[in-house]
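In: Sequence plus the predicted model coming up.
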Amino acid sequence: DHLAGAGTALNVASFVGGHNLRALAGGLEDGPLPPGALDRIRGVLDEELADGALGLGTALIYPPGCYAGTDELLALAEVVGRHDGLYVSHLRSEADRFLDAVAELIGIGRRAGVRAEVYHLKAGGRANWPAMSAALEAIEAARSTGPSVSASIYPYTAGATALTACIPPRYHGGGPDRLVRRLADPSTRHDIATAIVSPCGDWENLYQAAGGGQGSLLLDDLPDGTPGAGRRLDELARATGQDEIGLLIDICRQASGTLAAFFTVDEANLQLGLRQSWVSICSDAPALAAASPWTDVPAHPRTYGSFARVLGRYRRGVGLFDLAEAVDVYPDGVPPRGEPRPEIDGALVDSVTAAVLPVSAVARRAFLARELDAAQAADLAHGRPVPAAGMVGVHAGLDADGDLVALLVERDGVARPVLVWRAAG
């Protein structure tokens, strides 16, 4: 009602959250649901779908969603199927059990008779990169024999989530406060540290998938005020005289909402995924306003840059697809706003390859702009910050010829690029 009254520039549609249903039925505890709880949340899901929800979304590496077994998910997906909805899932594993997780999603879709989508498809961790081709083949085969299976991707080799995702799920039972108490207990802390560095077959170890601290980048400063945003965990550990795991646990205990980026994805695999006709583009991020105070919130570049990066880097730069394919990014079963107009939409797709996008002119009209000298333009093209110029909100950085170099946001005395348009020479 608020969005309808205030208006929004975005298309807004929602899925029912699997976390919400799990918490409603069993709280934040691990283990099977109490008797009758599954039937109750199936009823809630049925009502929400009847009211217009697009389907069910699950996130199966995070508590409490990860506590749901396949049979529980299947029971919920059957309800989604009755409404011709979409079952979309952050897979139970994107790393060591990646292919098993893909098979679980395909199996749920087939058994429930429901369309299924992998949310931000990726094979995480160098050892698992070869599995990407097998996953794509499995999805292709499933598409030819049963209900539609599709996927979305964000065009970056790093994901981002709370640093507490590096803590095994069994220590999250009961919620965040219980986790913090466990992290403060010396014996439990030792067990957690051992689990993070040990071979793991039953949970998604992002620390290991990123290659340890060298592939784990903090997006927040440390709780004691030590600058941490934009620094790797191994770098911070050396600077503070701690071992990586000890520092990780301390940060999670003192500031459980701390965000981190994990570099787990192979660029070649990313491009391979983007080439698939059934893959759409996602941001996997909240829709933050490009103005203060939201520009002060730690954010992965995908928050603002996913769709522009597809057009800029992967269409214009790498040449993975033509422009008509690049703008055809709607996921299966999620239509664009408004009624389809075949005579218009078809003409757009047929002619869009001939479209000319005057990006610099658009940027000058859409944003406040600052002129950059040659050194600043070169720094920004390499992703480096430049001195602040007193600009508010997202603004365009233009070179001496008036061409767009990057979109910038100022913070802590410098202007940082949130989108680099001109590739470094």
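Out: Yes, it's here.

In: Next, residue 253: secondary structure please.
Out: Per DSSP: H, G, I helix; E, B strand; the rest coil, the local secondary structure of residue 253 is helix.

In: For it, grab the count of nearby residues.
Out: When neighbours are defined as other C-beta atoms under 10 Å, residue 253 has 18 of them. (Each C-beta comes from the backbone N, C-alpha and C, glycine too.)

In: ok, the residue lying closest to it once chain neighbours are set aside - contacts?
Out: In this structure, residue 253 finds its nearest non-sequential neighbour in residue 183, 4.0 Å apart by C-beta to C-beta, 6 or more residues apart in numbering. Neighbouring residues of residue 183 by C-beta atoms under 8 Å, 6 or more residues apart in numbering: 167, 171, 189, 192, 249, 252-253.

In: now residue 272
Out: Going by C-beta under 8 Å, 6+ apart, residue 272 touches 132-133, 136.

In: now with 7 Å?
Out: 132, 136 (C-beta atoms under 7 Å, 6 or more residues apart in numbering).

In: Can you tell me which of the contacts of residue 183 is closest to residue 399?
Out: Among these, residue 252 lies closest to residue 399 (C-beta to C-beta), at 42.9 Å.

In: From residue 256, how far off is the nearest residue to that closest one once chain neighbours are set aside?
Out: Nearest residue to residue 252 in three dimensions, chain neighbours excluded: residue 164, at 4.8 Å (C-beta to C-beta, 6+ apart). Remark: distance between residue 164 and residue 256 (C-beta to C-beta, to the nearest Å) = 5 Å.

In: follow-up on the earlier one: okay, the contacts of residue 183 in CSV with secondary structure, distance to residue 49 and pLDDT next?
Out: CSV is the format used below for the contacts of residue 183 (DSSP: H, G, I helix; E, B strand; the rest coil; distance: C-beta to C-beta, whole Å; pLDDT from 0 to 100):
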residue, secondary structure, distance to residue 49, pLDDT
167, coil, 33, 96
171, helix, 34, 95
189, helix, 43, 96
192, helix, 39, 96
249, helix, 41, 97
252, helix, 36, 95
253, helix, 40, 95
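
In: Out of those residues, which two sit at the greatest distance?
Out: Among these, 171 and 253 lie farthest apart (C-beta to C-beta), at 11.5 Å.

In: which residues in the stretch 1-150 of the chain form strands?
Out: Applying DSSP state E, counting those that start in this stretch to the stretch 1-150 of the chain gives strands spanning 16-17, 55-59, 86-90, 115-118, 149-153.

In: my guess is residue 405 contacts residue 386, does it?
Out: No: counting by C-beta atoms under 7 Å, residue 405 stays clear of residue 386, with 9.8 Å between them.

In: shared neighbours of those two, anything?
Out: Counting by C-beta under 7 Å, 6+ apart, the residues touching both residue 405 and residue 386 are residue 380.

In: Am I right that residue 312 sits in a helix?
Out: Yes: assessed by three-state DSSP, residue 312 belongs to a helix.

In: Could you find the closest non-adjacent residue to it?
Out: Nearest residue to residue 312 in three dimensions, chain neighbours excluded: residue 421, at 5.9 Å (C-beta to C-beta, 6+ apart).

In: What of residue 138?
Out: residue 102 (5.6 Å).

In: do residue 207 as well
Out: Nearest one to residue 207, counting by C-beta to C-beta, 6+ apart, is residue 166 at 4.5 Å.

In: Tell me who's in contact with the one you found.
Out: The contact partners of residue 166, by C-beta under 7 Å, 6+ apart, come to 196, 206-207, 248.

In: In this protein, which residue is most central in space?
Out: Central residue of the chain (C-alpha atoms, centre = their mean): residue 284, 3.1 Å from the mean position.

In: which ones are touching that one?
Out: Per C-beta under 7 Å, 6+ apart, neighbours of residue 284: 120, 154, 302.

In: pretty sure the last one is in contact with residue 156, am I right?
Out: Yes: under the criterion of C-beta under 7 Å, residue 302 is in contact with residue 156, at a separation of 5.5 Å.

In: before we move on, the earlier item: most surrounded residue in the contacts of residue 183?
Out: When the contacts of residue 183 are compared by neighbour count (other C-beta under 10 Å), residue 167 ends up highest, at 27 neighbours.

In: so which of the contacts of residue 284 is the most crowded?
Out: Going by other C-beta under 10 Å, residue 154 tops the contacts of residue 284 with 28 neighbours.

In: For it, give its distance to residue 134.
Out: Here residue 154 is placed at a distance of 21 Å from residue 134 (C-beta to C-beta).

In: Equivalent analysis for residue 192, please.
Out: 32 Å.

In: Check residue 5 too.
Out: 48 Å.

In: more neighbours, these two?
Out: residue 134 (13 against 6).

In: So what's the residue count around the closest residue to that one other than its chain neighbours?
Out: Nearest non-adjacent residue to residue 134, counting by C-beta to C-beta, 6+ apart: residue 99, 5.9 Å away. When neighbours are counted by other C-beta under 10 Å, residue 99 registers 16.

In: which ones are touching the residue nearest to residue 252?
Out: Residue 164 sits next to 179, 252, 256 when contact means C-beta under 7 Å, 6+ apart.

In: hmm, 10 Å instead?
Out: 62-63, 171-172, 176, 179-180, 183, 248-249, 251-253, 255-258, 260 (C-beta atoms under 10 Å, 6 or more residues apart in numbering).

In: Then residue 218?
Out: Contacts for residue 218 (C-beta under 10 Å, 6+ apart) come out as 163, 227-233, 235-236, 247-248, 251, 258-261, 298.

In: Spatially nearest residue to it (excluding sequence neighbours)?
Out: Excluding its sequence neighbours, the residue lying closest to residue 218 (C-beta to C-beta, 6+ apart) is residue 228, at 4.4 Å.

In: number of nearby residues for the closest residue to residue 114 other than its chain neighbours?
Out: Spatial nearest neighbour of residue 114, excluding adjacent residues (C-beta to C-beta, 6+ apart): residue 81 at 3.7 Å. Around residue 81 there are 21 other residues, counting by other C-beta under 10 Å.
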